[in-house]
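Student: predicted structure and sequence below. I'll ask about it afterward.
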Amino acid sequence: MTTAIETTAIETRHLGKRYRGRWALTDCTLSIPAGRVVGLVGPNGAGKTTLLNLATGHLAPDSGSIAILGGRPGSGSGQLARVGFVAQDTPTYLGLSIADHLRLGARLNPHWDRPYAERRIARLGLDPRRKAGRLSGGQRAQLALTIAIAKRPELLILDEPVAALDPLARREFLDELADAVAERATTVMLSSHLVSDLEGFCDYLIVITASRIRAAGPVNELLAAHNAAAGPDSAPADLEDLVLAHMGRAAQWESAQREAAYPEVETQR
Amino acid sequence: MIWLTYRQFRMSAIVAAGVVIAFGIAVVSTSAGLSGLYARSGLASCHASCTTSTTDFLTAMKADGTYPALYFVGLGLLLLAPAVIGAFWGAPMITREVEGRTLRFVWHQSVTPTRWARVKISLLGLASMAFAGLISLLISWWAAPIDAAGGFPVGGGSQLSRFQKVVFDARGVAPLGYAALGFVVGVVLGVLIRRTVPAMAATLVVVAAIQLAVPTWIRPDLVTPVARTGPVLTASAFQPAQFGTEGQVTVPVDIPGAWIVTDRTVKPDGHSFSMLGASQCSDLAMAQTDDCLAQQDLRQVVRYQPANRFWEFQGIETAMLLGASMVLAAGGVLWLRKVRLT
């Protein structure tokens, strides 16, 4: 084990965020070691984007605390330089060319890896003079990813990066991402509502439904615990089974909570 | 950050530079002709009775359609600049990034939102001031003969001197202050409203309201006006008088280059005179009305800002506008930091 594994990339304690009285995320406690590739899964509206926005500093928490690489999210240019972020729908400046975007990256980031960025754009077969507005969704996602990686962050956060891509582009995008981060042991956290995207890619999993963390841990440990609980006769579970099991348990737990809260409604029926 | 600001602003800058160059060419190519008219009228060398020279010069100037057109183009450019700059440079600065969702991209380079906003507001604010400053320099220089002759003639013997409400905002350094404030108002409304078209519309309205409010309510009392009480008005003095709808009587006054703040006709007790309170003078023939008024012991009280206060007023008003711009810009940056992307 290298020292990178021992440090903590993301640490939250009873983290919560409220929108107009409704908790979008509540009582979220996590400790994710550096060097992991973290998958954040859950249905739409479960709180994934809220958690990622708290991690990037775009939102301030309403309760609890969060530390990213030991610092407060988005607390200054030094902290921003250590965290890369690819937002949902991978926004870029539609009126600026690819070359303009790379220049922007070079101007705004202290550790910019220009050879890497140029090499990657060339490998993708993109013309640097092309305006971002004239790229396909997949190409724009690749451009955003290139900029986020060439920034050379210690932690790379991606919010549903493949949601807008067709299945083939998805695979390519994730393979590219895996290659790019493997060399430098960059910590990655990405969210998806499709577990199949993350199979074989993540080594750490967070399951989130209805604003709460349902499970969090290394994939192999979660699978081992799941298989042990299922008994020796059942077939070994894969990631999909694991997530569904946790979501199912959460749903059962919630209906039990509702019944406990409104017993008189049940008796009247 | 400076490069990015420049890159995003490049097209707007080219358009603005085009306007300045086109206006500059028009102004430079006609300036000699206007100065020639001024020199030939003998205005430059007259000392006492310059009325004839002034009339000669202004008539000759108006006879050529080019000079009045350019005069009003310059005036119009500078009066519209603050609202247009605010709506097209200020408001979209933030709203376009909100609508394009690009704040999540650019604020995740190694630049804090505060620095992003500071650099953008400073550079675009300076560009706004540079644009207004250059146009003002050109028109102030070109129109110097007209301003020296007392201002553009607008019928009824009155002239638009450079101290008049509308012209004042299009001369000297005041346009810099208005451009800066217009831009910042646009930015702040963009931060508050966050949608391009409503923010642009709100900016046009708010900036126009400021341009109306400052000369009407704030400027007159920046420095206490000089009050001049004339002798008891005679019947002949009432001949050119104008009668208002409230019965007020206004006797025209001519103080060269001055800005007349109020012009009242008062009774011996110091209160404003009104025809409504002098029924004995109503319903008479013109000449008899004048005679009747002459018997009321009325005097003319004029409050005015003398011509030599022009630059003092320019300085005070510009400093005030720039100060307001800076306060507003600082508020906008703080608000932006507080609101973030929620």
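Tutor: Okay, I see it. Numbers count the residues shown, from 1 in each chain, chains lettered A, B, ... in the order given.

Student: contact residues of chain A facing chain B?
Tutor: A:19, A:53, A:56, A:58-60, A:74, A:76-78, A:80-81, A:83-85, A:87, A:89, A:91-96, A:100, A:103-105, A:107-110, A:144, A:148, A:151 (Cβ under 8 Å from any Cβ of the partner chain). C-beta coordinates here come from the backbone N, C-alpha and C atoms, glycine included.

Student: from the residues you listed, which land in strands?
Tutor: Among those, DSSP state E puts A:19, A:83-85 in strands.

Student: now do the helices in the stretch 51-200 of chain B.
Tutor: B:51-63, B:66-85, B:91-99, B:103-106, B:113-142, B:144-148, B:165-168, B:174-193, B:196-213 (DSSP state H, counting those that start in this stretch).

Student: quick revisit: buried subset of the residues of chain A next to chain B as a ChimeraX selection?
Tutor: Per 16 or more other Cβ atoms under 10 Å in any protein chain shown, the buried members of the residues of chain A next to chain B correspond to this ChimeraX selection:
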select /A:53,56,58,59,74,77,80,81,83,84,85,87,89,91,92,93,96,100,103,104,105,107,108,109,144,148,151
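
Student: buried sites along stretch A:112-122?
Tutor: A:112-113, A:117, A:120-121.

Student: where is the longest helix in the chain?
Tutor: All of this refers to chain A. helix A:239-261 (DSSP state H).

Student: wait, chain B was what I had in mind.
Tutor: In chain B, taking DSSP H as the definition, the longest helix is helix B:2-41.

Student: buried residues in that one, which are they?
Tutor: B:4-5, B:7-9, B:12, B:16, B:20, B:23, B:26-27, B:30-31, B:34, B:37-38, B:41.

Student: residue closest to the middle of the chain?
Tutor: Answering for chain A, as no chain was given. A:L190 (2.1 Å; Cα atoms, centre = their mean).

Student: sorry, should have said chain B
Tutor: B:D169 (2.3 Å).

Student: quick check on that one: phi, psi?
Tutor: Phi and psi for B:D169, reported as degrees, to the nearest 10, are phi -70, psi -10.

Student: and the two most separated of the buried residues of stretch A:112-122?
Tutor: For the buried residues of stretch A:112-122, the maximum inter-member distance is 13.7 Å, found between A:W112 and A:I121 (Cβ to Cβ).

Student: write out the residues of chain B neighbouring chain A.
Tutor: B:1, B:3-4, B:7-8, B:100-102, B:104-112, B:115, B:340-342.

Student: domain parsing of chain B, as residue ranges.
Tutor: B:2-221+B:310-339, B:226-309 (automatic domain parsing).

Student: could you tell me the least trusted of those?
Tutor: If you rank the domains of chain B by mean pLDDT, domain B:226-309 sits at the bottom with a mean of 84.

Student: buried residues of the helix or strand that contains A:S65, list them for me.
Tutor: Following DSSP states H and E, one finds A:S65 within strand A:63-68. Neighbour counts using 16+ other Cβ under 10 Å place A:64, A:66-68 of strand A:63-68 among the buried residues.

Student: low-scoring pLDDT stretches of chain A, where are they?
Tutor: Scanning chain A with the threshold set as pLDDT under 70 gives A:1-6, A:258-269.

Student: and the helices in it?
Tutor: Along chain A, counting by DSSP H, helices occupy A:3-6, A:48-56, A:77-82, A:98-108, A:114-123, A:137-150, A:167-182, A:195-198, A:219-230, A:239-261, A:263-268.
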